[in-house]
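>>> Sharing a sequence plus its predicted fold:
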Amino acid sequence: MGNTLTTHFPVVQGHEIAAEVVEVGTNVFSVQIGTKVTVQPQVVCGECFPCQNGMYHVCEDLKVMGFQTTGLASEYFVVDADKLTVLPDSLSFDKGAMVEPLAVAVHAVKRVLNIGDKDVLVIGGGPIGNLVAQTAKAFGANKVVVSELSEARLEMARKVGLEIIDNKSEDLQEGIIRHFGMRKADVIFECVGSSLTVANSINIARKGSTVVIVGVVSNLTEVNMGFVQDRELQILGTAMYQSQDFDKAVELLINKEVEVESLFTNHVKFEDYLEAYHIIEDNKDKVMKVVIDVD
């Protein structure tokens, strides 16, 4: 068993985008030709229990553009107007394309009630982990620390003002105590998605703390439920986002509370699309975000 969302190829990919509206339908009044937008890429049924109860982002028949339906990696793409989030002219197309992953982080951080003044550990310093850490900080967390193995990603975390634990040179538990003291972290965000790091997040969690599973876990994971019970841990899942998370992501970018420019490690022309995958495959943990320039 694995993630219920599977992708069947061939499929046109693309779900993190910024674009300009070039044509609108006769009954569309929310945007005009020339409006800069990004797209919320969920395709939902609107009829199941989640959809009928304010949880459409976990629709029972959820599909995502670029995975289960045609994506936006094309010169022109038709989409329902209610899936659009308007971007201000002051926000570049590059930053606009980061609204979707930032919305993932916003939704994850919002899963924790009253995160202000809490001490936060983020396990995993990839793009989502980096954005979760920055978002937690923007939401008023007391101290935010990123735990990571990759030197390139640790350097990226430092660059955006985050504290770090280098797992290659320091034991995670020792790093936690160094940063937070014996009180340890109030909240742990698991942003890797491996069985090992999910289990480890629970193993290191302090009594009465919260663990949020952000990383996409593709395999069944063995966790110590004795720890969950004895330590009265809160284990929270988080999946995707809603429209208000997109709006908040735009706000964070406009107010410069989250820094994303450092995450653009490469730019590739649209006609060289395949090269983006080679860059990721050949550099793995050194690459954060590869931007495809359509124009």
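Now that the structure is in, tell me what you want to look at. No experiment lies behind these values; they were computed from the predicted model shown. Numbers count the residues shown, from 1 in each chain.
>>> Can you show me the strands along this structure?
19-20, 36-39, 42-43, 63-64, 84-86, 119-123, 143-148, 163-166, 187-190, 210-213, 234-237, 264-269, 289-293 (DSSP state E).
>>> Minimum distance to residue 8: which of these has it?
Closest of the strands of the chain to residue 8 is strand 63-64, at 11.2 Å (criterion: C-beta to C-beta). C-beta coordinates here come from the backbone N, C-alpha and C atoms, glycine included.
>>> ok, back up a step: columns mean neighbour count on top of the strands of the chain, output as JSON lines?
Listed next are the strands of the chain as JSON lines, based on neighbours: other C-beta atoms under 10 Å:
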{"stretch": "strand 19-20", "mean neighbour count": "18"}
{"stretch": "strand 36-39", "mean neighbour count": "22"}
{"stretch": "strand 42-43", "mean neighbour count": "18"}
{"stretch": "strand 63-64", "mean neighbour count": "15"}
{"stretch": "strand 84-86", "mean neighbour count": "18"}
{"stretch": "strand 119-123", "mean neighbour count": "28"}
{"stretch": "strand 143-148", "mean neighbour count": "25"}
{"stretch": "strand 163-166", "mean neighbour count": "19"}
{"stretch": "strand 187-190", "mean neighbour count": "27"}
{"stretch": "strand 210-213", "mean neighbour count": "22"}
{"stretch": "strand 234-237", "mean neighbour count": "14"}
{"stretch": "strand 264-269", "mean neighbour count": "15"}
{"stretch": "strand 289-293", "mean neighbour count": "17"}
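>>> Same list (these) but as TSV, adding mean pLDDT.
Output for the strands of the chain, formatted as TSV (pLDDT from 0 to 100):
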stretch	mean pLDDT
strand 19-20	96
strand 36-39	98
strand 42-43	96
strand 63-64	96
strand 84-86	97
strand 119-123	98
strand 143-148	98
strand 163-166	98
strand 187-190	98
strand 210-213	98
strand 234-237	97
strand 264-269	95
strand 289-293	95
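>>> how about CSV for the ones you listed, with distance to residue 221 added?
Below are the strands of the chain laid out as CSV (distance: least, C-beta to C-beta, whole Å):
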stretch, distance to residue 221
strand 19-20, 37
strand 36-39, 32
strand 42-43, 25
strand 63-64, 22
strand 84-86, 33
strand 119-123, 14
strand 143-148, 18
strand 163-166, 22
strand 187-190, 10
strand 210-213, 9
strand 234-237, 11
strand 264-269, 30
strand 289-293, 27
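>>> for the closest residue to residue 64 other than its chain neighbours, what are its contacts?
Among residues not flanking residue 64 along the chain, residue 41 sits closest, at 5.4 Å (C-beta to C-beta, 6 or more residues apart in numbering). Counting by C-beta atoms under 8 Å, 6 or more residues apart in numbering, residue 41 touches 15, 64, 65, 66, 71, 72, 83, 100.
>>> Of those, just say which sits nearest to residue 123.
Of all the contacts of residue 41, residue 100 has the smallest distance to residue 123: 22.0 Å, by C-beta to C-beta.
>>> What's the local residue count around that closest one?
22 (other C-beta atoms under 10 Å).
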